[in-house]
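K.L.:
Give me the fold of what follows.
(2 chains, ligands or ions: 2)
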Amino acid sequence: MSQTSNLITGTADIESWKGIFVYVELKDGKPRDASLELLAAAHRLKESLGEEVSAGILGKEVAGFAGMLASYGAERVYVAEHELLEHFTPDAYTSVLSRIILGNKPSIVLYPATPNCRDFASKMAARLKTGLAADCIDLKINEKKQMVQIRPDFGGKDLSEILTKTRPQMVTVRPGSFTKLELDTSRKAKIKKVDVKLKPEDIRIRILDIKQFKVEGADDLVKSEIVASAGMGFGNKDRLQIFEDFAKTIGASMGASRPVVERGWLSRERQVGQSGKTIAPKLYFAIGISGSVQHRVGVENSGFIVAINNDPNAPIFKFCNYGIVGDLFKVLPMLTEELKKVNNKA
Amino acid sequence: MVNSVVCVKQVPDVAELRIDPMTHNVIREGVPSILNPDDRIGIEEAVRIKEKHGGRITVLSMGPPQAKAALFECLTMGADNAILLSDRAFAAADTLATAYTLARAIKKYRNDFDLIICGRRAIDAETGQTGIQIAEQLDIPHVAYVKNVELFPEQRKVVVKREVEDHIETIEAPLPILLGVMEGLNKPRLATLREIIRSKNKEIKVVNVVELGGDLNLYGLKGSPTWVAKVYPPPPKAGGIIKSGGTRETVTELVKILVEKKLIN
Ligand SMILES: Cc1cc2nc3c(=O)[nH]c(=O)nc-3n(C[C@H](O)[C@H](O)[C@H](O)COP(=O)(O)OP(=O)(O)OC[C@H]3O[C@@H](n4cnc5c(N)ncnc54)[C@H](O)[C@@H]3O)c2cc1C
Ligand SMILES: Nc1ncnc2c1ncn2[C@@H]1O[C@H](COP(=O)(O)O)[C@@H](O)[C@H]1O
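P.N.:
Ligands and ions are numbered 1, 2, ... in the order given. All right, here's what the predicted structure looks like:
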């Protein structure tokens, strides 16, 4: 553990770290959108920093993706290919990526906040003895040229801005927080092949088997054009009947806030928000939901947001398109009735 | 014999967090503190392993003195002893400084461990980083997102199932190892009255920074590479229509808008 003692000395040579680096994760054999979005985020940071945007991709055979990464904004692509990188293992990936980072010293490293990347980035941060802000929803550069890392605060009401004293400044970014750049095949990148030195014994775990499974239920939630979510305003499980009637009438998939799920009123895969699903239906209903930041980040890209809540000061009214201040037990059945009239006419 | 260290955190029961309708601040008073749910799964797994293979379970936590309550609960579930790292110097630690503190305590007090078990994430911050960073600092491998554990102590190995998104990996790994466990691995037991009484004789050792030793610059806020510079409410989005009263009139207006905007039918 003696190696840990130079932790804060990373601050001594801050000036020598330059550039914005995006880690490109593969999913089903190709770069996943969440990583391409980060190239757009990197360009936003570049506007203030003026430093190079690079991307790193690790895998068995991945050189073929370099052109695509260039088209989405990478100005330099590090390609690390090796048999032993076919599947993600923390040991192999940390060994290879930490060498790339230490060899090139970018001041910023972005990872998508996917399960494997959150695992990987945690180990990377401990290896490099630097900070890692999890699940950020926005990034910017301040007047001191530091990266401001924005994430929901745990109290539920606020956003917090995190800064990192050490370099590189690392974050995982919530998928969907940025929109990827237009594909532009005229953009070109410098390609750098990384000399990967890996031996089987460098990887302390062994993957014996990988089984795909179908993710059950709530597929509808992400795909649906209309979603209605129930919150604690319903008071208890037995009172959800009017919610189900409403959802059925309007043809909505049912979602829920976290406490509703925690109490078992609706199943876990129906949770919408920071630690649940991120959705962007054309039409979203938040019924008896206060509108905490954690809920907001999961739904705010919806086309049109309707809120029903009896507290005029509920934060949900700060980001809805149409809000009804009233008792949901009165308003919701009325709304269902009116919708039935429309259905009957059609 | 399999010796385990289980890292547990006492967290506010976030399901009970409410926003004060008058002041719009988060009400923290009266919010009960609980044993982090994933960590309870960790204890349960350690106890099952002990029942099968023997060994000793130490629970370890860093936190304020009242975290003793969470540790006591772990003892009633079958852990043998508990250590609470408690000192002002540890306060305001980010995950790296927390991992440093916990890793140092493990080395100092239970260096004979075969297994370290952490939760996938603590429900207060949900970073899911701490366990993995403990493993890196102790220079041992880790597996995160563990949903099944099978131990082979004679062969000094473990076979686990790791669930990510849409696939399950079966992984073989040597001991010692750190596992990050999650919901679905087991169903934690309720302590029996007998265990609760018996646990009163078990030790909860409280350790401060002087006793733990190490580099003072690596603990707490000082040892944390990240810090919170600002906290503020998210900016409101302009242009929303807000109607009070919740009358039939409002409801028909809403339906009309939805039809006009072709959001329904
Ligand atoms: C790390 C972390 C991750 C989280 N992830 C998520 C997440 O993914 N998704 C999520 O939703 N939350 C998440 N949360 C929790 C979040 O902070 C809030 O606690 C939660 O969203 C509140 O749920 P709610 O709005 O249903 O309940 P409350 O905040 O209790 O709100 C209930 C609302 O109902 C209204 N109401 C009461 N009675 C009536 C009535 N009769 N008619 C009309 N309105 C009524 C009240 O005015 C109130 O505004 C997370 C928290 C943390 C710390
Ligand atoms: N203060 C702490 N004391 C003991 N264990 C902790 C502490 N903080 C985090 N952990 C462990 O690390 C896991 C992940 O926590 P987190 O990184 O905060 O999501 C938890 O489930 C615990 O097992």
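
K.L.:
For ligand 2, what's the nearest residue on the stretch 1-150 of chain B?
P.N.:
Closest residue of the stretch 1-150 of chain B to ligand 2, C-beta to the nearest ligand atom: B:G119 (2.4 Å). Quick note: C-beta positions are derived from backbone N, CA and C, even for glycine.

K.L.:
Need the nearest residue in space to that residue, chain neighbours excluded.
P.N.:
B:D38 (2.8 Å; C-beta to C-beta, 6 or more residues apart in numbering or on different chains).

K.L.:
Briefly note if the host helix or strand of the one you found comes near ligand 1.
P.N.:
Using DSSP states H and E, B:D38 sits in helix B:37-53. No: residues of helix B:37-53 are not located near ligand 1 by C-beta under 6 Å from any ligand atom, the shortest gap being 12.5 Å.

K.L.:
got the contact list for that helix?
P.N.:
The contact list for helix B:37-53, computed with C-beta atoms under 8 Å, 6 or more residues apart in numbering or on different chains, reads B:1-2, B:4, B:6-9, B:55-57, B:59, B:74, B:77-79, B:115, B:117-123, B:149, B:151, B:153, B:181-183, B:185-189.

K.L.:
ditto for stretch A:250-260
P.N.:
In contact with stretch A:250-260 (C-beta under 8 Å, 6+ apart) are residues A:218, A:220-221, A:224, A:226-232, A:234, A:243-244, A:246-247, A:265-266, A:270-273, A:275-277, A:279, A:281, A:283, A:285, A:289, A:292, A:294-295, A:336, A:339, B:14-15, B:264.

K.L.:
Give me the mean pLDDT for that stretch.
P.N.:
Here stretch A:250-260 scores 95 as its mean pLDDT.

K.L.:
What residues sit buried inside stretch A:336-346?
P.N.:
Residues of stretch A:336-346 classed as buried: A:T336, A:E337, A:E338, A:L339, A:V342 (neighbour count, 16 or more other C-beta atoms under 10 Å in any protein chain shown).

K.L.:
same thing with stretch B:110-123?
P.N.:
So, applying 16+ other C-beta under 10 Å, buried residues of stretch B:110-123: B:R110, B:F113, B:D114, B:L115, B:I116, B:I117, B:C118, B:G119, B:R120, B:R121, B:A122, B:I123.

K.L.:
Pick out the residue of the stretch 1-150 of chain A closest to ligand 1.
P.N.:
Counting by C-beta to the nearest ligand atom, the stretch 1-150 of chain A gets nearest ligand 1 through A:D135, at 8.4 Å.

K.L.:
Am I right that that residue sits in a strand?
P.N.:
Yes: remark: A:D135 belongs to a strand, assigned using DSSP: H, G, I helix; E, B strand; the rest coil.

K.L.:
distance of it from A:P175?
P.N.:
10 Å (C-beta to C-beta, to the nearest Å).

K.L.:
If you count surrounding residues, which of those two has more?
P.N.:
Taking neighbours as other C-beta atoms under 10 Å in any protein chain shown, A:D135 and A:P175 compare with A:D135 leading, 22 against 17.

K.L.:
which residues sit in contact with the more buried one?
P.N.:
Shown in contact with A:D135 (C-beta under 8 Å, 6+ apart): A:A113, A:R151, A:P152, A:T172, A:V173, A:R174, A:Q274, B:E126, B:T127.

K.L.:
can you list the residues you listed in TSV and add pLDDT?
P.N.:
Listed next are the contacts of A:D135 as TSV, based on pLDDT from 0 to 100:
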residue	pLDDT
A:A113	95
A:R151	94
A:P152	89
A:T172	98
A:V173	96
A:R174	91
A:Q274	89
B:E126	81
B:T127	89
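
K.L.:
Leaving out sequence neighbours, find the closest residue to the residue of the stretch 101-250 of chain B found nearest ligand 1.
P.N.:
Closest residue of the stretch 101-250 of chain B to ligand 1, C-beta to the nearest ligand atom: B:E126 (3.8 Å). Spatial nearest neighbour of B:E126, excluding adjacent residues (C-beta to C-beta, 6+ apart): A:S275 at 5.8 Å.

K.L.:
Perfect, that will be all.
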